[in-house]
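[1] Sequence plus predicted model, see below.
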Amino acid sequence: MKKLIIITILFSLVVGLGTATFAAEEVNLYTNRHYDTDEEILNRFTEETGIEVNVLKGDSDQLIERIAREGKNSPADLLITADAGRLHRAKERDILQSVNTKTLAQNVPDNLKDTDNYWYGLTMRGRIIVYAKDRVDPKNLGGYEDLTSAKWQDEILVRSSTNIYNQSLLASLVAIYGEDWAEEWAAGVVDNMARKPQGNDRAQATAVAAGEGDLAIMNTYYLGKMINSDNPAEVEVARNVGIHFPDGENGTHINVSGAGVVKNAPNKENAVKLLEYLSSASAQQFFASANYEYPVNPKVEASELLQSWGDFEPQNINLTELGINNQTAVRIFNRVGWQ
Amino acid sequence: MQLLKKLKKASPGWFLLTAVIITMLLIPNVNIIINLFGEAGENWKHVRDYLLINYFQNSLVLVIATGLLAAFLGAGLAWLIAAYDFPGRNFLSWGLILPLAIPPYIGAYVYQGMFSYTGPLQTFLRNNLQINLNQKYFDFMNLKGAIFIYTIFLFPYVFLMTKAFLAKQSASLLESSRLLGKRDSTIFFKIILPLSRGAVVAGSSLVMMEVLNDYGVVKYFGISTFTTAIFKSWFGMGDLPTSVRLAVMAMLVIFVLLFLEKLLRGGRKYSYSTSNIRPLSRRKLEGSKKIMAQFFTYGIFFFGFLLPTAQLLYWSFLSRGGELIETFNFAFTSILIGSGAAVLILVGAIIIATTARMSSNFTSNILARITILGYSIPGAVIAVGILLFMLKLDEFLIFLQTGFGLGTNIILSSTLVMLIFAYAVRFMGIAFNSVNSGYEKIGESYFEASRTLGKGVTETFFKIDLPMLKPALMSGFLLVFIEIMKELPLTMILRPFNFDTLATKAFEYASDEMIYRAADLSLVLIFFSAAAIYLITHRSKRRKK
């Protein structure tokens, strides 16, 4: 029993001391990113500014929920999360605040940030079509609208609609063509599916290589990850698929991973500094290439790998639309039975 | 008699402590359930109209199929181990518990990775034998695959409980039926299964709760169940009332299933015990029977532990290992929080169990129910119940602080206190059951003797009960420790700044489609859980000798 008591006391001490904070200048970052290079970027930020960065990593949606529940006492200063739809949701939950500085306006293009400056995109990805090089002539490929064509009967591979990337894709189509068109489109894609949606984006590309279907819808950076995979078989898969940026009537669907300053940020100034730093030319290159993404800062060039994929025309909408139309998209998916 | 009753009464101190702990356990649950009475949003209607039937079917299929399969597998193996002797039996009697060391979501990633187009099996067939098979033969990501994953990694719950039960049974029943010339299969189905039904059902209901609350596997496989729906409506639509409705429906599924089982059993109670307990005399298997028994038991061990561990080792080798120091850090955090929280939880469980023992049957039953409540609600739902509770407490503390002019610091909700409290809410039931079964084994005569000799309740506890409880406490500690090592949703939602455990880190890598990087972390996690299992089983063995 004595041992038990001693252990308990020791443990409480460790917990107590470990969680006490002494730092003078600090910023509390809630983020869904977990790349090793991030640590390096944040360390350099600390070196340059003297501001300590405390990191709380987690699932995007759960971080948003946590900040919302923490309310006015939340220690969160800056929230980083993937997908404009989600960032918009954070804005709607009333956990972000509008921030407007000259630097941010220069670093982040208008269509890649919130119309009211509640969040800013930091890295960009496209949702593209990959095809079986040996079976598909890329000349036959068009825009997203082409996916419902009869020639792709039982050929399309795509993941579940519970995934935000699909929701944002459909939301963009709702924004461009309206709800009815989008519903018809989604139903057409369901008709053309090679199998019930399952697995992640990588699994779709793999299924194309394995011959389960000719086309897969996936995010650009997953392809980058496959090309750099530790598994030789996966690298092989990435080599066997071709990349097509949907063109057709309205370009390629792009999305961002981005950040917003939290509404009740106790260290607001530091949060803005960090946000500016992450969008700056010096940080952008590493920040984007950690996840094989395109930098948002127009002054920074994409990595060699991404450049080798060629240029593309993005959809001509403000990404705020993705959030506004998210609910509509989710409901369309459920109605047309896109699992 | 009257005097004895009076002596058995709990002292007010114990009762007060219990009341405080129980209240703390209840508040987060109540916080959640209260949402049930709120207005149902527009989402609920949408969910009900388009999705509910699908969730319901999938969850029901998963829960029932896994529950049954795990019951048969666990009971069958327990019977083989308890009643027969064959080479390897000694090792397998604890080796078959090892699958419990592998969290099902890691198992799912491993099996899918193994059989996928880019996995070792198909790559080998393709590159070395030029065999290209239709992908449908390797399709793992469906209901059947999920049932396999859950069964193979969760059946040890049934195995453990049934084995412990069979060990306590007197051998005479079995010997009589053998003498009467009954075949062993008849004995298993006609005598052993009905007799151990209680233990099998208890183990299997644990399995069913785990299945119903699991998020990792079904999310990865893209199967819509109640849990994915809870996450979808809550974190996706920001609609807490809808998700609580779903959580309550999920709990109802379990209750209905357990109730049906009781109904089927009727008023019959199969129990047979005498004070004269001899261990079962094990029959030595020979010839083809020996080979079959070995094939079966080692086969399960292979698929439940050896194969996935080997695959992880291979991946870890492919990724040339992560950073050793980093992995060590996560392991250190996991072990510290796991053992520290387990000790605190056990102290709480001892207080409750001791009070329960001195209370009426009715009260102690209620106490037992309350402690298990946290285990039957999905982790993520509890997490927010706890967050709300801690934030309220913090508001109060801030109020105090400003009163004393100390500024406004949130103390609880940004520290480990919250996470440890969450573990307590979730795993108190497991600890309580361990302590309670320890008390049942001791009986009450020592306690009564000490009390009649004029010692107080507290003194009796420290001098008499605690030393005798030690083995039960140890296994309770290790069980909770394993659970915390594997725990995911609570840790993910409630952790403080700069805090990573093996489980959260492995899940981050895996869900980011970097299973190779997750491999070493998973291996370390599995190693420590397996070590805990080894300690549990080998302590109890030493005791018997």
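    Cool, the structure landed.
[2] what helix or strand is whichever residue of chain A sits closest to chain B on?
    Closest residue of chain A to chain B, CB to the nearest CB: A:D61 (3.3 Å). C-beta: built from backbone N, CA, C; applies to glycine. Take DSSP states H and E as the rule and A:D61 turns out to sit in helix A:60-70.
[3] Would you mind pulling up the elements that the helix or strand encompassing A:E39 packs against?
    Taking DSSP H and E as the criterion, A:E39 maps to helix A:36-49. The contact analysis (3 or more CB pairs under 8 Å, 6 or more residues apart in numbering or on different chains; DSSP states H and E) places helix A:36-49 against strand A:52-57, helix A:268-279, helix A:281-289.
[4] Could you tell me which residues within that helix count as buried?
    The neighbour-count check on helix A:36-49 (16 or more other CB atoms under 10 Å in any protein chain shown) flags A:D38, A:I41, A:L42, A:F45 as buried.
[5] Could you list which residues are in contact with B:L469?
    B:L469 makes contact with B:I350, B:V435, B:G438, B:Y439, B:I442 under the criterion CB atoms under 8 Å, 6 or more residues apart in numbering or on different chains.
[6] Now pLDDT too, for the residues you listed, in JSON lines please.
    Listed next are these as JSON lines, based on pLDDT from 0 to 100:
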{"residue": "B:I350", "pLDDT": "92"}
{"residue": "B:V435", "pLDDT": "89"}
{"residue": "B:G438", "pLDDT": "84"}
{"residue": "B:Y439", "pLDDT": "86"}
{"residue": "B:I442", "pLDDT": "78"}
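[7] which stretches of the stretch 1-150 of chain A have low pLDDT?
    For the stretch 1-150 of chain A, applying pLDDT under 70 flags the ranges A:1-23.
[8] I misspoke; the intended subject was the stretch 301-450 of chain B.
    B:320-323, B:405-410.
[9] Can you name the residues of it that neighbour chain A?
    B:315, B:318-320, B:336, B:340, B:343-344, B:347, B:380, B:384, B:387-388, B:391, B:394-395, B:398, B:408, B:410, B:413-417, B:420 (CB under 8 Å from any CB of the partner chain).
[10] returning to that earlier point: chain center to the helix holding A:D61: distance?
    Centroid separation between helix A:60-70 and its chain, computed with CA atoms, centre = their mean, to the nearest Å, is 17 Å.
[11] Could you check the angle it makes with strand A:52-57?
    110 degrees (axes from the mean of the first three to the mean of the last three CA atoms, to 10 degrees).
[12] Pull helix A:60-70 out as PDB, backbone CA atoms only.
    What follows is helix A:60-70, C-alpha atoms only, in PDB (Å, rounded to 0.1, in the frame of the first residue of the first chain):
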ATOM      1  CA  SER A  60      -9.700  18.200 -37.800                       C
ATOM      2  CA  ASP A  61     -13.400  17.900 -37.000                       C
ATOM      3  CA  GLN A  62     -12.600  17.000 -33.400                       C
ATOM      4  CA  LEU A  63     -10.300  20.000 -33.000                       C
ATOM      5  CA  ILE A  64     -13.100  22.300 -34.200                       C
ATOM      6  CA  GLU A  65     -15.500  20.700 -31.800                       C
ATOM      7  CA  ARG A  66     -13.000  21.100 -29.000                       C
ATOM      8  CA  ILE A  67     -12.400  24.800 -29.600                       C
ATOM      9  CA  ALA A  68     -16.100  25.300 -29.900                       C
ATOM     10  CA  ARG A  69     -16.700  23.600 -26.600                       C
ATOM     11  CA  GLU A  70     -13.900  25.400 -24.900                       C
END
